[in-house]
Every structure is written in C-alpha cells, then in structure tokens.
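In: Structure for the following, please:
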Amino acid sequence: MLPKKKTSKCRTRTRRAHKHLKPVNYSVCKKCDHAKLPHAACENCGYVNPSLTLQLGTEEGS
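Out: Below is the predicted model of the structure:
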C-alpha cells in the first residue's frame, strides 16, 4: 500500500535520531601516554596493570 500522507522531515529525522555513530572511548596509557582502549593492553608498550605487562613481539612480513 502507498502512504496516505507525506512523512515530514522532522518526523523522519526524529525517528532516526538514535542511529548515529557513537565516539570510541579512549583512555591514556599510564606508562607511555599513548591512546588505548580501556580494559585492554597498550599496543605501544604492552602495559595492562601494575602487576602485568605483556611482552610484545615484532611481526615479520613475507
């Protein structure tokens, strides 16, 4: 069926208001001050918490 009346721009945009992209929440690494995801290891230095630091290796390209 076809719509009986035109849907206004305001009604359409109000309906779509919650479909926006949400910004990524970054935190700062306490050791090297690089941006990292919260509750995750730092990609730069491998720091997780004071009692745990991951050893990062290098990737070899083929």
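In: how much space is there between the residue nearest to the spatial centre of the chain and Thr12?
Out: With distances taken as Cα atoms, centre = their mean, Val24 lies nearest the centre of the chain, 3.0 Å away. Using Cβ to Cβ, to the nearest Å, we find Val24 at a distance of 28 Å from Thr12. C-beta coordinates here come from the backbone N, C-alpha and C atoms, glycine included.
In: Now do the strands in this protein.
Out: 27-28, 35-36, 47-49, 52-53 (DSSP state E).
In: Could I get those in JSON lines, plus columns for distance to His20?
Out: Shown next, in JSON lines, are those (distance: least, Cβ to Cβ, whole Å):
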{"stretch": "strand 27-28", "distance to His20": "22"}
{"stretch": "strand 35-36", "distance to His20": "22"}
{"stretch": "strand 47-49", "distance to His20": "32"}
{"stretch": "strand 52-53", "distance to His20": "36"}
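In: Export the ones you listed to CSV and append columns for mean neighbour count and mean pLDDT.
Out: Output for these, formatted as CSV (neighbours: other Cβ atoms under 10 Å; pLDDT from 0 to 100):
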stretch, mean neighbour count, mean pLDDT
strand 27-28, 12, 92
strand 35-36, 16, 92
strand 47-49, 14, 83
strand 52-53, 12, 75
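In: can you give me the helices for this structure?
Out: Shown for the chain, the helices assigned by DSSP state H span residues 9-15.
In: Could you list the paired strands of the helix or strand of it with the lowest mean pLDDT along with their orientation?
Out: Scoring the helices and strands of the chain by mean pLDDT, DSSP states H and E places strand 52-53 at the bottom, with a mean of 75. Using DSSP bridges, the strands paired with strand 52-53 are strand 47-49 (antiparallel).
In: what sits up against the strand it pairs with?
Out: Cys29, Lys30, Lys31, Cys32, Ala40, Ala41, Cys42, Thr53, Leu54 (Cβ atoms under 8 Å, 6 or more residues apart in numbering).
In: Show me the shaky parts of this protein.
Out: Across the chain, the ranges flagged by pLDDT under 70 are 58-62.
In: This completes my enquiry, with thanks.
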